[in-house]
Structure formats: C-alpha cells, structure tokens
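Engineer: build the 3D model from these lines:
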Amino acid sequence: MPSPKEIVNVMMASDYFSQWLGIEVLDITEGNCRLKMQIKKDMLNGFGIAHGGIAYSFADSALAFASNSYGQKAVSIETSISHLVSLVENDVILAEVVQQSNSHKIAIYTIDIIHAITLKKVALFKGTVYKTDKNW
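Structural biologist: Model (predicted):
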C-alpha cells in the first residue's frame, strides 16, 4: 500500500488547480495534513481581498489529501466554511486538518486556516467525505 506522501504526490501530479494555488505540503500522515500557500494578486476580488473561494479551495485540497491518505479513495459529499478574517496579497496561510470521525464509509474533518505570521484563524472549514471501494 502506498504511503500518505506517495498518495498526495500522485494526487498533486494531476491536480492543476492545487498547483495553480501554489500549495505546499508541509506534513501528511494518515487522516491529517498541513499545507501552506501564499495569496497572489490574481486571487483578489474587487474589494482587494482574497476571493472567498481561495480559502475554500485551499481547505478543500487539505480535505482531499487527508481523507485519501489511508489509501482508500474518498470524495467530499458535504463541505462548509466560515470566513473570520480577510486576506490580502502576499499573506501566507496554513491549513491544519483534524480528523473528527472515521467510519467504514464516512469520515468527518475540520480544517483551520491560519495566518502564518499572526497565527490568527482566518477561516474554519468542515468536510464530510465518502470512502469508495477503490484504492490508490
């Protein structure tokens, strides 16, 4: 069975959106991961702050990597996000995943999006995944 790092490497190789986001995998273990990325100018909305979809997409990638890290292919079935603090160009953010529950077919995760300098939480994400019968 491939390791969590090997699985994420395979996923990232064809995950062009996560590549465009500039996601860096800092740590990956079964059920957990830690990511880093920087807010770029082309991620800003008309208010000059990061589009809400950026933090959402960052957290969604973290969910995908953590939930697939066991070697069983998993897909999200429900997600939500709460934005707490605005992000601006050049802000660096971290995604920290915590697995809340893990059953035969369903797993639930929370992801904190944290400003890398101030360490303030900027968004809270929750995701539920369905674990398929397919393996990596």
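
Engineer: the longest strand in this structure is where?
Structural biologist: strand 121-135 (DSSP state E).

Engineer: so what touches stretch 18-28?
Structural biologist: With contact meaning C-beta atoms under 8 Å, 6 or more residues apart in numbering, stretch 18-28 is reached by 4-5, 8, 12, 33-38, 40, 54, 57-58, 61, 65-66, 69, 94. Using the backbone N, CA and C atoms, a C-beta is placed for each residue, glycine as well.

Engineer: please repeat the previous calculation with a cut-off of 7 Å.
Structural biologist: By C-beta atoms under 7 Å, 6 or more residues apart in numbering, the list of residues contacting stretch 18-28 from outside reads 4-5, 8, 12, 33-38, 40, 57-58, 61, 65, 69.

Engineer: tell me how far it lies from the chain's centre.
Structural biologist: Put simply, stretch 18-28 sits 9 Å off its chain's centre (C-alpha atoms, centre = their mean, to the nearest Å).
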